[in-house]
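Asker: Quick one, what's the 3D model for this:
(2 chains)
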Amino acid sequence: MLNKNIIEKVIDRALSNGADFAELFVENTFNSTIAFNDGKTKQNVVGNDYGAGVRVFYGHTAIYAYTNDLSEEALLNAADAVSKAAKGGNIIASIDLTKKEMENIHPIEIPNNTITKKDKIDFIKKVNEASRGYSDQISQVDIRFMEKIQHVMIANSEGLQVEDDRNYSRVYVSSIASNGTEKQVGGEGPGRFAGYEFFNSINPTELGMETARVAVTMLNADYAPSGKFPVVIDNGFGGVIFHEACGHSLETTAVAKGASVFAGKMGEKIAFDGLTAIDDGTMPNEWGSENIDDEGMQTKRTMLIENGILKSYMVDKMGSIKTGFARTGSGRRQSYKFAPASRMRNTYIANGNDNFDEMIASIDEGIYAAKMGGGSVSPGTGDFNFSVGEGYMIRNGKIAEPVRGATLIGNGADALLKISMISNNMAMAQGMCGSVSGSIPTNVGQPAIKIDEIIVGGRN
Amino acid sequence: MYTKEFQTIFAYAKDKVDETEILLSAGNSFSVKINEQNVESFNYADSKGIGVRVIKSGKVGYAYTEKFDEETFKHIVDEAIENAKYTENDDIVKMDNYQKNTDSPNVYSKELDKVDVTDKIQLAKDLEKYAKEADKRVFNVPYAVYADGKNYSRIANSQGLDKEDTQNYAYAYVGVLSAEDDDKRMGIDFHITRDFCEFDPLKMATVSVKKSTDLLNGKPAETGKHAVVFNSEMMATMLATFSGIFNAKSIQEGRSLLKGKIGQKVANEKVSIVDDGLHPNGFSTSAFDSEGYPTEKTVLIENGVLKSYLHNTITARKDGAKSTGNGSRGYKGTLGISTSNFLIEAGEHKETDLFTKHAKIIEIVSLQGMHSGANAISGDFSLGAQGFLWKNGKRMHSLKPFTVSGNFLQMLSGVEAIADNFKFDMSSNGASSVLIKELNISG
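Answerer: Numbering: from 1, shown residues only, chains lettered A, B, ... in the order given. All right, here's what the predicted structure looks like:
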C-alpha cells in the first residue's frame, strides 16, 4: 500500500518533537452488504474504506490522528499534528523498519468477493423460504449478507512492519412472527473469520427454520414473571453474560483507571471455584480470531480466570504501560477511525462437570434462558443487563411453558460468585461488540450455567 | 467544494444510467480526554467519503469510497450499476430538483472554529478537577471529555439538484464514580452547543457528582406495579428507542404497530410528538435531508391522535403522501428514514408537581439495555433502571438497580402529566419529565 520509505518518514516525523512511541496503521477495506426483506433483494452496497491513523505516546498520553488521504503530504500533516501535541517525550533516533512475515494461522479457502451475486442471493432465498415455510405466522424475514476483506498494515517506532488480509463473512437473519396484534422476533447471526467457504458450511434451510421457530414460540408465550429467581442460561449466546458482566471489566481500558471492579484483584478469587474463563484469538477461523492484533502483535490465548482465580487482564500496549502487565495481543479497533484499545476476541467460560438435566432438576421455580439477546454493562459499577431471546419457566425440576420479554439484571462481581453449576456443552456465538475503539467482531461462549439468584424483569 | 469530483462522476455515469445522485460528506473533528489532570488522549480526525446512488431501468444500486481518485470514482459507478442489476425492488424511485427550504437554519458558528486548543484542554481538566473536589465519595472520574467538529455535506443529482451545508458543534461530558461502603454509582452530565462560552464546567461537575452520590446505598425496589416518573433525559431515551414505530418504511413492511392507525387515538390526549428538522435548538437541524428534500416540522401525534408517519420520497409516493424530509443515509449507507430533532411537547406542570399525584412514585433517572431489552417492533420493553422512591411528594431514598417493563404504546396511553422542563439530549431527542400511571417494576 505504501512504500517503506514513506512509512519511515511518517514515523520519524511523528517522533520529531519527542515521543516514547509512534505507530502508523493503514487500512484498505472492501465491504459488501446485501439487504433482503419482503421476499426481495432490496439493497446492494459495496464500498471501500480507506485511511490511515498515526499514533504517538508520551508518558501515559496517547495522541491519535487519522485521514483518508494516503499521499505523503497528508500523512506527514497527520504526523505533524500528533507530534505537535506530544511534549516532553524521549527523542528517538530515526527508525529502520524490518518487515515481519506474519504466520497465517487462519487460512481461508475461497476469498470473499470472488463468488457471483447470484450465488449469494440463491443462498439468501433459501433462508427466506425456509423461515416463511415454517409457519403462517411468519410475517417478515430480514436477511443481511455481509462480506468484508480488511487489509491492514501496521508499522511502529520499534521497527515493526507487518501486514494482514482479514476475511470476514456473516449472515444475519431475523424472522418476525405476528398474530395481527402482536409481533415477536427470532434472530441468528452466524459468522466466521473466513471466506465464502463459511457460507458453504451452513445449511440455509436450518438457519431460516430456527429463527422462525424462536419467533413463533415467543409469539405464543406469556410474559415472564418479575422478581428474583434461579436461572439456567444455556450455551452459545448465553456467554454474553460473561462478556458483559465480567469481560469488559477485565479490559485494561477499565482496569488502568481503577474504574473496574476487578482492578487490584490479580491472583485473587473472584468467582466460583469451578469457573475458568478464556479469551482466545487463536481458535481457527472463529469470528473473534486474528493473526495479529491492531497493534501488530501476534494474537494469543489468554487465561483470564482459572478455577475462580483472576489470572490475567486483556492488555493492549498503553494498558501494559499503565498497569505493568504484559501485552496479550488484545489491542483492537473497528477501523483507522479509532485508536486501538484493549478488547475481547473469542471469550468463553470453559466446560465444567455438571450435567444439564441435573441443573434443571435442581430448580423448583426458575427461568431457563435457551437463547440470550444482547446486553450491556457499566464497567465502573459492574451493573449489567441482558435480555432473554428464548425463555421458559422451570417448574418442579422440569422445563415448562415458554415466557417472553424477560430482562436479567445484576452486578458482575456478585453474579460471578452466584454461579453454582457449570455444564459441559460449551458452544460459542457471534456478536459485534461496541466500545471505545468502535464496533468489532467478538465471539461469546459458555456451557450451560446455573446462577442461584438474579433479578428477572418480566410483567407477571 | 469538491466540484471536480462531482463532475468526474456525473460525466462518467451520464450515458450508463438513468439517474445519478452523489452524496459527499467531509469533516474534521477533535477530542481530548483527561485523566488525573493529564491528557489521556488527543484525537484528530480528517475524513471524507463519497457515495453514489444510481437508477437504471427503475432499479437502484449503491457504492461508496473513501479513496478519492478518478479510477476509483469510475469503479464505484460501475459497482453501483452492477448492484442495481440484482435489486428486485418494486418501489418507484425517482430523483428531482427539489425546491430550496425558505427557512435557512443557523447551524454554523465561525467563533467556535476559533477556540484555542489550550482552552479546550483546560475545560476538560476543569471538569475532572471540580468533580473530584465536589464530594469525598468520588473515587474516580473515568470521563472528562471535550470534543468538537465541523462537517461539510453536499448532495447533487442528475436532475440538477445541488445543495450544500456546513455545520459545527462542540460538546463536553463528565462521568464520575462515587462509592460508599461497597456500593458504586455512576453519574454523567453533558452539554452540546455552538457557543464555547456556554460551557460551565463547575456546574456540569456538580450535577454529575450529585447524580452519582444521590444513587448510593439504595434500597431494593418493591416488585409490582407502580406509578413512574421518567426524568426528561430518560423520557427522551425512551422516545428515541421507539422512534422507529413512526417510520413509514417499517409500516409498509409490516413492522410497526401504528400501521393503519392514522387518525386514531394512540396515546393520552396530553401527548403530542413532533419531528422538527428546522428546530432552532436541535443539533440535527438542516435545511434538507439525504435526498436533498426540504425538511420541515412534522406533527406525528397531536393530542393523542396519530397524524402522520415519517417519510422519504419513496415511501411517500407509495402512500400517496408528501415526503416529510426524513430521508436518511450516510455515504456508506442506503436510503432509509430517520428522525431529525424528535420530541414530545412540553407540558405545564412544574416537575415537583408530578410527584404529588400519587402517594407512591418511582422516579427513573437512568436506563440500561436499550439495544437489547426494547423490542422496537412489538413496543415491549424490559430495561435495567436506577432511580428513587417518592412518597407523598417527598423523595425518600434511592433504589438498588431494578427493572422496568411495559409496552411503549400502552405507556403513552398511560401518561398522566407532563412537566415544563423540556431538554434535548446529546442526540437531539427532546422531552420533559413525564408521569406514567403504571409500569411493572422488579427489584
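Asker: all contacts plus neighbour counts: C-alpha atoms, from now on.
Answerer: Will do.
Asker: Show me chain B divided up by domain.
Answerer: Under the assignment automatic domain parsing, the domains of chain B span B:3-211, B:218-443.
Asker: Quick check: which of these is buried the most?
Answerer: Here the criterion is mean neighbour count by mean count of other Cα atoms under 10 Å in any protein chain shown, and of these the winner is domain B:218-443, at a mean of 21.
Asker: Return the distance of that one from the chain's centre.
Answerer: 11 Å (Cα atoms, centre = their mean, to the nearest Å).
Asker: does any bit of the lengthiest helix in chain A sit next to chain B?
Answerer: Counting by DSSP state H, the longest helix found in chain A is helix A:117-134. Yes: on the criterion Cα under 8 Å from any Cα of the partner chain, helix A:117-134 is in touch with chain B at A:117-118.
Asker: So for A:Arg343, which of the domains of chain B sits nearest?
Answerer: Closest approach to A:Arg343 among those is made by domain B:3-211 (17.3 Å; Cα to Cα).
Asker: could you give me the average pLDDT of the closest one?
Answerer: In this model, domain B:3-211 has an average pLDDT of 95.
Asker: likewise stretch A:242-253?
Answerer: 90.
Asker: how about the residues of the stretch 301-450 of chain A near chain B?
Answerer: A:337, A:373-377, A:380-381, A:383-387, A:405-407, A:409-410.
Asker: what about the closest residue to B:Val404 other than its chain neighbours, helix or strand, and which?
Answerer: Computed as Cα to Cα, 6 or more residues apart in numbering or on different chains, the closest residue to B:Val404 that is not its neighbour in sequence is B:Ile441, at 4.7 Å. Per DSSP states H and E, B:Ile441 falls inside strand B:434-442.
Asker: With just CA atoms, put that strand into PDB.
Answerer: C-alpha atoms of strand B:434-442 as PDB (Å, rounded to 0.1, in the frame of the first residue of the first chain):
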ATOM      1  CA  VAL B 434     -43.400  12.500  32.400                       C
ATOM      2  CA  LEU B 435     -45.600  10.800  34.900                       C
ATOM      3  CA  ILE B 436     -46.900   7.300  33.800                       C
ATOM      4  CA  LYS B 437     -49.900   5.800  35.600                       C
ATOM      5  CA  GLU B 438     -48.400   2.300  35.900                       C
ATOM      6  CA  LEU B 439     -45.500   0.200  34.900                       C
ATOM      7  CA  ASN B 440     -44.000  -3.100  36.100                       C
ATOM      8  CA  ILE B 441     -41.100  -2.800  38.500                       C
ATOM      9  CA  SER B 442     -38.900  -5.800  39.500                       C
END
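Asker: which secondary structure elements does that strand contact?
Answerer: strand A:449-457, strand B:224-230, strand B:394-407, helix B:408-413, strand B:415-418 (3 or more Cα pairs under 8 Å, 6 or more residues apart in numbering or on different chains; DSSP states H and E).
Asker: returning to that earlier point: so what's the residue nearest to B:Val404 scoring on pLDDT?
Answerer: With respect to pLDDT, B:Ile441 scores 96.
Asker: For beta bridges, what are the partners of it?
Answerer: In this structure, B:Ile441 bridges to B:Gly224, B:Val404 when assessed by DSSP bridges.
Asker: And the following helix or strand past the longest helix of chain A, what's buried?
Answerer: For helix A:117-134, the succeeding helix or strand toward the C-terminus, using DSSP H and E, is strand A:138-156. For strand A:138-156, a neighbour-count test (16 or more other Cα atoms under 10 Å in any protein chain shown) marks A:138-156 as buried.
Asker: Mind checking what helix or strand follows strand A:138-156 in sequence?
Answerer: With DSSP H and E, the next secondary element past strand A:138-156 is strand A:160-178.
Asker: Indicate each strand paired with that next one and its parallel or antiparallel sense.
Answerer: Strand A:160-178 is paired, per DSSP bridges, with strand A:98-99 (parallel), strand A:138-156 (antiparallel), strand A:183-188 (antiparallel), strand A:191-192 (antiparallel).
Asker: That one: which residues count as buried?
Answerer: A:160-178.
Asker: contacts for the longest helix of chain A?
Answerer: A:36, A:39, A:41, A:138-141, A:143, A:145, A:175, A:204-213, B:86 (Cα atoms under 8 Å, 6 or more residues apart in numbering or on different chains).
Asker: for stretch A:192-206, same thing?
Answerer: With Cα under 8 Å, 6+ apart, stretch A:192-206 has contacts from A:106-112, A:115, A:123-124, A:126-127, A:129-131, A:166-170, A:191, A:285-290.
Asker: Which strand residues bridge A:Val377?
Answerer: According to DSSP bridges, beta-bridge pairing links A:Val377 with A:Phe384.
Asker: and the gap between it and B:Gln368?
Answerer: Distance of A:Val377 to B:Gln368, computed by Cα to Cα, to the nearest Å: 8 Å.
Asker: so what's B:Ser405 scoring on pLDDT?
Answerer: 95.
Asker: Would you mind measuring from the residue nearest to it when sequence neighbours are not counted to A:Ile233?
Answerer: Distance criterion Cα to Cα, 6+ apart; nearest residue to B:Ser405, sequence neighbours excluded, is B:Ser382 at 4.1 Å. Separation of B:Ser382 from A:Ile233 (Cα to Cα): 18 Å.
Asker: Repeat that for A:Gly412.
Answerer: 15 Å.
Asker: quick one, which of these two is more surrounded?
Answerer: A:Gly412 (28 against 25; other Cα atoms under 10 Å in any protein chain shown).
Asker: OK, contacts around the more buried one?
Answerer: Contacts of A:Gly412 by Cα under 8 Å, 6+ apart are A:244-246, A:382-384.
Asker: residues near the closest residue to it other than its chain neighbours, how many?
Answerer: Of all residues not flanking A:Gly412 in the chain, A:Ala245 sits nearest, at 4.2 Å (Cα to Cα, 6+ apart). Neighbour count for A:Ala245, taken as other Cα under 10 Å: 29.
Asker: Pull the contacting residues for A:Ala245.
Answerer: Contacts of A:Ala245 by Cα under 8 Å, 6+ apart are A:376-377, A:382-384, A:411-413, A:415.
Asker: For the longest helix along chain B, give me every contacting residue.
Answerer: The longest helix of chain B (DSSP H) is helix B:117-134. Outside helix B:117-134, the residues within contact range by Cα under 8 Å, 6+ apart are B:32-39, B:138-141, B:143-146, B:172, B:174, B:176, B:201-202, B:204-206, B:208-209.
Asker: so A:Ala429 is in which element?
Answerer: strand A:427-435.
Asker: Would you mind pulling the contact partners of that strand?
Answerer: So strand A:427-435 is contacted by A:189-191, A:235-237, A:239, A:287-288, A:348, A:439-447 (Cα under 8 Å, 6+ apart).
Asker: let's see 7 Å
Answerer: Applying Cα atoms under 7 Å, 6 or more residues apart in numbering or on different chains, the external contacts of strand A:427-435 come out as A:189-191, A:235-237, A:287, A:439-447.
Asker: what do you get for stretch A:158-166?
Answerer: Against stretch A:158-166 from outside (Cα under 7 Å, 6+ apart): A:95-102, A:149-155, A:296.
Asker: For these, work out which two are farthest apart.
Answerer: A:Ile95 and A:Ile149, at 30.0 Å, using Cα to Cα across the contacts of stretch A:158-166.
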